[in-house]
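Visitor: Dropping the sequence and predicted coords here.
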Amino acid sequence: MLKKALRQHLQQTCQEQDLRQWYDPLAITLSTNDKRLEVQFPHSFFAQWFSATAQVTFESRLREFLGDGYVLRYSSGNGGSPQAAPAPKTARQLDYPFGARFTFDTFLSNRKNQFPVASAKEVARDGRDPHDRVYNPFVVCGGNGNGKTHLLRAIANELSRSRDENAIFCGPVDELGTRFEGLSATGAGAAQERQQARSRLCAHEVLVVDDLQRLRDQPFLQDELTFAFDHFHDHGKQMVFACSGKLADLDFLSPKLRSRLEWGLIVELREPDLDVRLKFIQQQSRSRNIQLSKEHSLTLAQRFREFRHLQGILVKVGAYRQLVNRDIQDRELEQILRHTDSGKGNSLTPDAVIAATAEQFGIPARDIIGDKRQQHIVQARQVAMFLCRELLGSSFPALGRVFGGKDHSTAMYAVRKIKQLQQSDKDMQLLVTDLKRKCLTRAE
């Protein structure tokens, strides 16, 4: 039963011929008590072939199917040792700590971006030996919505396979700024706190920092990044950075930080071509269970040129389809797109979602992003988090920042709880549906 259901899930993204080759021969056993999945190969040679051709795809889709917290073990069925299988000697956790959708397997590109992607894979492949790190630092540049964040998080997810996820700092400059916020003051106490913040950052084995262009608004962070850079460089630890535009255009960077960033390999992700945008639309449509005709997909690919904009529009289309409970018609798609600027993609904002939710619950918006624990306020906050996740595709760390600097685990719990409540509580389902409609109306 499990194998059949998992196969149906894989059919959404995998070819039938491929599944016959690498999936059907597998023996799969699930233990729900300790959340452990056993995968047995027919023989060790099949295990080696599976490792080279299908393992990344299988584990990515398996994580989507099972959710968080499961452990995966491989073995060979001919009496061979587990070491002959592609899994490491210890069990592999199925979680992708930096986002399950951010993998090399799901990153779409063509020959135009072959070098940046190949270089990123090389960075992610490097072992713990500092002498193996040929690209350090590794800097990814490019226009907005070209896939820089996806590539950085794919590197972080791949590196997390061989080390504890807590050993990797992966986040935007704004997240880094929260660690040093308010520590620029002088005095013995402030200096001690600043040194402690530096020590905590430098305790990581890998540093992955996105949105370097945001340093313009937080100039005090340049000294902290320079300090961290020197530590990571001296200890042979991997650093990965990304910025919108070209590094040379960031004229506000200090000479010290700029020269250090230029030590390593700088690559540029170019705007995705039409064929890549079409593949992205098909990929996202499958994952969101949106039935789009070829004509509709082509319309979106021609009108929106950036991944981020396309994703925002597909979130909006998916939400609309869920409301009407049928496929989108030509007139309806045009209505959705009519007030959407091709340079924006999704005009709905977290503030608009919070405002609509506050109005529905009859409370001030500041209570939703605040810390009050009254039951109706907590529920309003959880609903708003759920809607931001569903309608905007916000990451859990981003949700935490929007809702008053809360931990990402709080956002994860909120989204999971509202999703479960909709299945058991008809009133909650109607409330969320009505709020989705209101939010989408505000965005038009």
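Guide: Yep, it's here.

Visitor: and the helix or strand Glu64 falls within, average pLDDT?
Guide: Assigned by DSSP states H and E, Glu64 belongs to helix 55-66. Helix 55-66 shows a mean pLDDT of 78.

Visitor: Packing partners of that helix?
Guide: Contacts defined by 3 or more C-beta pairs under 8 Å, 6 or more residues apart in numbering; DSSP states H and E place helix 55-66 against helix 2-10. The C-beta positions use only the backbone N, C-alpha and C, and glycine is treated the same way.

Visitor: Where does pLDDT dip in the chain?
Guide: 1, 32-35, 67-70, 77-96, 100, 126-132, 182-189, 339-347, 393, 441-444 (pLDDT under 70).

Visitor: just the strands in it please.
Guide: Per DSSP state E, the chain carries strands over the ranges 27-31, 36-41, 71-76, 92-93, 138-142, 168-172, 206-210, 238-244, 265-269.

Visitor: In a markdown table, list those strands along with mean neighbour count and distance to Met412.
Guide: As requested, the strands of the chain are arranged in a markdown table below (neighbours: other C-beta atoms under 10 Å; distance: least, C-beta to C-beta, whole Å):
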| stretch | mean neighbour count | distance to Met412 |
| --- | --- | --- |
| strand 27-31 | 13 | 23 |
| strand 36-41 | 19 | 22 |
| strand 71-76 | 19 | 19 |
| strand 92-93 | 16 | 16 |
| strand 138-142 | 24 | 27 |
| strand 168-172 | 23 | 16 |
| strand 206-210 | 23 | 20 |
| strand 238-244 | 24 | 24 |
| strand 265-269 | 20 | 29 |
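
Visitor: Let me have those strands in CSV, extended by distance to Leu391.
Guide: Converted to CSV, the strands of the chain look like this (distance: least, C-beta to C-beta, whole Å):
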stretch, distance to Leu391
strand 27-31, 33
strand 36-41, 32
strand 71-76, 32
strand 92-93, 30
strand 138-142, 26
strand 168-172, 21
strand 206-210, 23
strand 238-244, 24
strand 265-269, 27
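
Visitor: domains of this structure?
Guide: Domain ranges of the chain: 2-93, 111-269, 274-338, 350-443, per automatic domain parsing.

Visitor: do you know which of those lies nearest Phe104?
Guide: domain 111-269 (4.9 Å; C-beta to C-beta).

Visitor: Go ahead and confirm Pro397 touches Asp174.
Guide: No - with contact defined as C-beta atoms under 8 Å, Pro397 does not count as touching Asp174 (9.8 Å).

Visitor: of all the domains of the chain, which lies closest to Asp105?
Guide: Per C-beta to C-beta, nearest to Asp105 of those: domain 2-93, 4.9 Å.

Visitor: For the residue lying closest to Ile168 once chain neighbours are set aside, which residues count as its bridge partners?
Guide: Nearest non-adjacent residue to Ile168, counting by C-beta to C-beta, 6 or more residues apart in numbering: Val206, 4.4 Å away. Note on Val206: beta-bridge partners by DSSP bridges are Ile168, Gln238.

Visitor: Tell me if I'm right that Gly312 and Leu392 touch.
Guide: Yes - the pair Gly312 and Leu392 qualifies as a contact (C-beta under 8 Å) at a distance of 7.3 Å.

Visitor: mind checking how far the spatially closest residue to Asp351 that is not a sequence neighbour is from Phe180?
Guide: Distances taken as C-beta to C-beta, 6+ apart put Ala365 closest to Asp351, at 7.9 Å, once the chain neighbours are dropped. Relative to Phe180, Ala365 is positioned 28 Å away (C-beta to C-beta, to the nearest Å).

Visitor: do the same with Val39
Guide: In terms of C-beta to C-beta, Val39 sits 44 Å off from Phe180.

Visitor: hmm, back to that, figure out which of the domains of the chain is closest to Gly99.
Guide: domain 111-269 (5.3 Å).

Visitor: Pull up the distance across the closest one, start to finish.
Guide: 11 Å (C-alpha to C-alpha, to the nearest Å).

Visitor: which residue ranges form the helices in the stretch 201-350 of the chain?
Guide: Under the criterion DSSP state H, counting those that start in this stretch, the stretch 201-350 of the chain contains helices at 221-234, 255-261, 274-287, 294-303, 307-324, 330-338, 350-361.

Visitor: Which one, of the ones you listed, ends up nearest to Ser31?
Guide: Ser31 lies closest to helix 274-287 among the helices of the stretch 201-350 of the chain, at 27.3 Å (C-beta to C-beta).

Visitor: Outside of that closest one itself, list whatever touches it.
Guide: 12-13, 64, 101, 106, 108-110, 272, 290-292, 297-298, 300-302, 304-305, 307, 310-311, 314 (C-beta atoms under 8 Å, 6 or more residues apart in numbering).

Visitor: Just the buried ones from the residues you listed, in ChimeraX syntax?
Guide: The buried residues among the contacts of helix 274-287 can be selected in ChimeraX (16 or more other C-beta atoms under 10 Å) with this line:
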select :13,64,101,106,108,109,272,290,292,297,300,301,304,305,307,310,311,314
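
Visitor: give me every residue that touches the residue nearest the centre of the chain.
Guide: Geometric centre of the chain, nearest residue: Gly99, 3.6 Å, by C-alpha atoms, centre = their mean. Gly99 is in contact with Arg153, Asn157, Ser395, counting by C-beta under 8 Å, 6+ apart.
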